[in-house]
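A.B. asks: Below is the sequence, then the predicted model.
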Amino acid sequence: MSNKTKKAIVTGGTRGIGRAIVKELASRNCCDVLFSDVAFIYNSCDECAKELIEEIKHPEIKIFGFKADVSSLEQAQATVNAAIEKLGGVDILINNAGITRDNLLLRMNEKDFDDVISANLKSVFNYTKAVLKPMIAQRYGRIVNISSVVALIGNAGQSNYAASKAGVIGFTKSMARELASRNITVNAVAPGFIQTDMTNKLSDEQKAKLTQNIPLGRLGTPEDIAKVVAFLCSDQANYITGQVISVDGGMTM
Ligand code: NAP
């Protein structure tokens, strides 16, 4: 793949970790190629999408934003088809979009459970299924799914979220086995607590308490995650598949 342009699709690309991944993939000399063309998916924030496209704008880089709900298989297929048409193919899929609807189980309603499973787990099925045929046909693909530290150790008040993210790990390993013979690698990254809108909901007191359990003594940045995702998409990682890489400041060692 070296010196060619790679073509990437990133879900949840407008904010937080996804935004950092889009910027990393589109930056020059990332993933053993001069740059990657990127299509990102978002749900609601049109302004964030416009800003991101403006920020990345470069004569050599194709960058597109698509508004779609990742929970819908129909929308995923339509979006992936449109993205492939604009990009001229797909080499990389990053399943990053995700939400939280936290509550103790006694107070959690059915919708909060279903919404989180749909946005965090079914979305991974939707987008993986949608890119599979072109990746198999070209005998090349790099898929990275964003799980969470919570999938590995659980978290009170996040049973829906933890279940969805643990599901992502099972799905990742199964796909890695199904697709290895086609030169498609499938890995997961399990971030610890990362500074994004998702964790900005926490009080300073909660963040200070969390930090006590992080050996490296700080919350992570979206860029900490994006660098590892880019590595997994690079030729340096050609022999890595079915793995869950914790990027959590040592929380789960
Ligand atoms: P974030 O700042 O809340 O951003 C979420 C992104 O996903 C946004 O771009 C959002 O688009 C998009 N999105 C959400 N629901 C969507 C849907 N139904 N359809 C399409 N796009 C949707 O989240 P983040 O903190 O960067 O988290 C990114 C991923 O990392 C998630 O899977 C999360 O579970 C995981 N993670 C985060 C942390 C953390 O500490 N932050 C830790 C472990 C794992 P709009 O803005 O348009 O709604």
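C.D. replies: Thanks, I have it. Values in this document were obtained by computation on a predicted structure and should not be read as measured data.
A.B. asks: What's the end-to-end length of stretch 192-208?
C.D. replies: 14 Å (C-alpha to C-alpha, to the nearest Å).
A.B. asks: List of residues touching that stretch?
C.D. replies: With C-beta atoms under 8 Å, 6 or more residues apart in numbering as the test, stretch 192-208 has contacts from 15-17, 98, 100, 149, 210, 214, 219-222, 224-225, 246-249, 251-252. To be clear about C-beta, it is placed using only N, CA and C from the backbone, and glycine gets the same treatment.
A.B. asks: Report the buried residues of that stretch.
C.D. replies: 192-196, 199 (16 or more other C-beta atoms under 10 Å).
A.B. asks: And those residues, which two are furthest apart?
C.D. replies: G192 and T196 (12.0 Å; C-beta to C-beta).
A.B. asks: Where does the stretch 51-200 of the chain get nearest to the ligand, which residue?
C.D. replies: G98 (2.3 Å; C-beta to the nearest ligand atom).
A.B. asks: Of the contacts of stretch 192-208, select the buried ones using a ChimeraX command.
C.D. replies: Of those, the buried ones go into a single ChimeraX selection, burial set by 16+ other C-beta under 10 Å:
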select :15,16,17,98,100,149,214,219,220,222,224,225,246,247,248,249,251
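A.B. asks: Go through the contacts of stretch 192-208 and flag which are in helices.
C.D. replies: The helices, defined by DSSP state H, take in 16-17, 149, 210, 222, 224-225 from the contacts of stretch 192-208.
A.B. asks: Just checking: the least confident one among those residues is which?
C.D. replies: Scanning the ones in helices among the contacts of stretch 192-208 for pLDDT, the smallest score is found at L210, 91.
A.B. asks: was I right about A119 contacting N96?
C.D. replies: No - proximity of A119 to N96 does not meet the contact threshold set by C-beta atoms under 8 Å, at 11.3 Å.
A.B. asks: which one of the two has more residues nearby?
C.D. replies: Neighbour comparison, A119 and N96: the larger count goes to N96, with 29 against 22 (by other C-beta atoms under 10 Å).
A.B. asks: what's the pLDDT at the more buried one?
C.D. replies: 98.
A.B. asks: got the contact list for it?
C.D. replies: 10-13, 17-18, 21, 146.
A.B. asks: Over to I21?
C.D. replies: 10, 13, 94, 96, 222, 225-226, 229-230.
A.B. asks: May I have stretch 246-253 as CSV, with CA atoms only?
C.D. replies: Extracted as CSV, the C-alpha positions of stretch 246-253 are listed here (Å, rounded to 0.1, in the frame of the first residue of the first chain):
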residue,chain,number,x,y,z
SER,A,246,-5.8,-1.0,26.1
VAL,A,247,-4.8,2.7,25.9
ASP,A,248,-5.7,3.6,29.4
GLY,A,249,-2.7,5.0,31.3
GLY,A,250,-2.2,1.6,32.9
MET,A,251,-5.6,1.3,34.5
THR,A,252,-6.2,-2.3,33.6
MET,A,253,-2.7,-3.7,33.8
